[in-house]
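[1] Pasted the sequence and its predicted model underneath.
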Amino acid sequence: MKVPFLDLRVTDPAQRQELLQALEAVMDHGRIILGPEVKRLESKIANRIGSKFTSGVNSGTDALILALRALEIGHGDEVITTPLSFIATANAITVNGAKPVFADILDDLTLDPNSIEPLINEKTKAIIPVHWAGKACQMDSIISVAKKHSLKVIEDCSQAFGSLTTNNRHVGSMGDIGCFSMNSMKSLASLGEAGMIATNNKEVWEKIDTLRYHGLINREVCNFVSHNGRLDTVQAAFIEKRLDRYESLLARRRDTAQFYHDELSGLVHTPKENPQCRDVFYTYTIQTDKRDELQLYMAEQGIESKVQHIPLMPDQPVYKGITRNNSNNARKLVQKVLCIPANEKVSNEQREYVAKIIKKFFKQS
Ligand SMILES: Cc1ncc(COP(=O)(O)O)c(C=O)c1O
């Protein structure tokens, strides 16, 4: 049996039809950029996560870049973030002229709130927690450190649309700004590149609205240096359709996560969910000292898995030695992490096969 990590084809006939109809609607009205579907999606997402304002942008990377720019974080400033993320988190800081500083992670792979304070100095302007693999960070502790030192908080929710922390709070609604990626690999996905910014601050939102199109305040007048980061109407139309089905998609991901937990928790470290929170399992990340051997064995049996993300951001050639970090736990954990196929398209037969092969590996070794 073959188990791909992710299959981006649209294979379900009903879903295909729905997306084609959404495309036709856009071709009919012709408002290709920031059309009515973008406005509708923005307001649906704002309502869903409990934020006052949202802006559709063309990627999660752009969401982060524009968020930092709107908060005027740039040259001479430092931003503290996790060492474990896709490189976009650090690069968004750097392209704005600021410096990323890397804290540490907890055993659940989210940003360790206690590792932030020792890195704060007079240059520090913001914290970017990343809700890694769809698990909410400990936002109350992170926000309290930020408040104590008058820092902004930008949540990187690229992997976590729909994750909830205590008191049913959605990721993206707790910091000053929430940034989402909706590229085709994400759980709430477009058929290409897409992103969203959320905030409760009207002034910040109005600035982002200007920044997402070259800092133009009208057709002619440019008040800020920026670039074109607008969201395509077609992508918004696709995401809108998928948003309608999102809860059932999450239910399937969570069911598979529970299945793996029941099957594998004695053999490998499996993700633990806080009963007061809801994780969306963007990836299902196990931890084992035999990671490399297990990955090879699974590949030989037709199962694709991924190691996310080596090298850690502070150890990337572009950052190594030039920024500060205290990422010791992350360096240990990243040797053990392995993401196994767990998205909503993984069938019962496939997940049973994955569990069987992992059990077989540990029986043999
Ligand atoms: C944690 C994190 N931040 C930022 C991004 C960047 O998002 P995008 O690919 O939409 O630019 C990603 C995308 O994979 C991500 O996983």
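    On my side now, so go ahead.
[2] average pLDDT across whichever helix in the chain runs longest?
    Secondary structure of the chain read by DSSP state H shows that its longest helix is helix 246-264. The pLDDT scores in helix 246-264 average 97.
[3] repeat for stretch 39-53
    98.
[4] by contact count, what packs against the longest helix of the chain?
    strand 284-287, helix 348-364 (3 or more Cβ pairs under 8 Å, 6 or more residues apart in numbering; DSSP states H and E). Any C-beta I mention is one placed from the backbone N, CA and C, and that applies to glycine too.
[5] List the contacts of the one residue in the stretch 201-350 of the chain that gets nearest to the ligand.
    Using Cβ to the nearest ligand atom, the single residue of the stretch 201-350 of the chain nearest to the ligand is residue 282, 7.8 Å away. For residue 282, the contacting residues are 133-134, 159-160, 186-187, by Cβ atoms under 8 Å, 6 or more residues apart in numbering.
[6] cool, and residue 212?
    Shown in contact with residue 212 (Cβ under 8 Å, 6+ apart): 55, 57, 62, 66, 226, 228-230.
[7] nearest spatial neighbour of it, skipping sequence neighbours?
    Distances taken as Cβ to Cβ, 6 or more residues apart in numbering place residue 229 nearest to residue 212, at 4.5 Å, with adjacent residues excluded.
[8] repeat for residue 232
    residue 33 is the one closest to residue 232 (Cβ to Cβ, 6+ apart), at 6.4 Å.
[9] and the nearest residue to residue 103 once chain neighbours are set aside, what does it touch?
    Distance criterion Cβ to Cβ, 6+ apart; nearest residue to residue 103, sequence neighbours excluded, is residue 115 at 4.1 Å. By Cβ under 8 Å, 6+ apart, the contact set of residue 115 is 103-105, 326.
[10] Let me have those residues in a markdown table, adding pLDDT, distance to the ligand and secondary structure as columns.
    Putting these into a markdown table (pLDDT from 0 to 100; distance: Cβ to the nearest ligand atom, whole Å; DSSP: H, G, I helix; E, B strand; the rest coil) gives the following:
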| residue | pLDDT | distance to the ligand | secondary structure |
| --- | --- | --- | --- |
| 103 | 98 | 15 | coil |
| 104 | 98 | 17 | coil |
| 105 | 98 | 13 | strand |
| 326 | 96 | 20 | coil |
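[11] Closest one to residue 293 out of the residues you listed, please.
    Among the contacts of residue 115, residue 105 lies closest to residue 293 (Cβ to Cβ), at 23.8 Å.
[12] beta partners of the closest one?
    residue 111 (DSSP bridges).
[13] Around the ligand, which positions in the chain sit nearby?
    59-61, 85-86, 88-89, 130, 156, 158-159, 181, 183, 193, 195 (Cβ under 6 Å from any ligand atom).
[14] domains for this structure, by residue range?
    Under the assignment automatic domain parsing, the domains of the chain span 13-244, 246-364.
[15] Return the most buried member of the ones you listed.
    domain 13-244 (a mean of 20; mean count of other Cβ atoms under 10 Å).
[16] what's the distance between the residue nearest to residue 232 and residue 346?
    35 Å (Cβ to Cβ, to the nearest Å).
[17] So which of the residues of the chain next to the ligand sit within strands?
    156, 181, 195 (DSSP state E).
[18] Once you drop chain neighbours, what's closest to the second one?
    Sequence neighbours aside, residue 60 is the residue nearest to residue 181 in space, at 2.5 Å (criterion: Cβ to Cβ, 6+ apart).
[19] Quick check, that neighbour in contact with residue 179.
    Yes - using Cβ atoms under 8 Å, residue 60 makes contact with residue 179 at a distance of 6.2 Å.
[20] hey, what's in contact with both of the two?
    With Cβ under 8 Å, 6+ apart as the test, residue 60 and residue 179 both reach 156, 158, 195.
[21] Show me which of those residues is closest to the ligand.
    For the shared contacts of residue 60 and residue 179, the nearest to the ligand is residue 158 (3.4 Å; Cβ to the nearest ligand atom).
[22] residues in contact with residue 52?
    Contacts of residue 52 (Cβ under 8 Å, 6+ apart): 46, 199-200, 202, 205.
[23] Could you do residue 134 as well?
    Here residue 134 is in contact with 159-160, 162-163, 187, 279-283 (Cβ under 8 Å, 6+ apart).
[24] got the residues you listed as JSON lines, with pLDDT columns?
    Putting the contacts of residue 134 into JSON lines (pLDDT from 0 to 100) gives the following:
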{"residue": "159", "pLDDT": "98"}
{"residue": "160", "pLDDT": "98"}
{"residue": "162", "pLDDT": "98"}
{"residue": "163", "pLDDT": "98"}
{"residue": "187", "pLDDT": "95"}
{"residue": "279", "pLDDT": "98"}
{"residue": "280", "pLDDT": "97"}
{"residue": "281", "pLDDT": "97"}
{"residue": "282", "pLDDT": "97"}
{"residue": "283", "pLDDT": "97"}
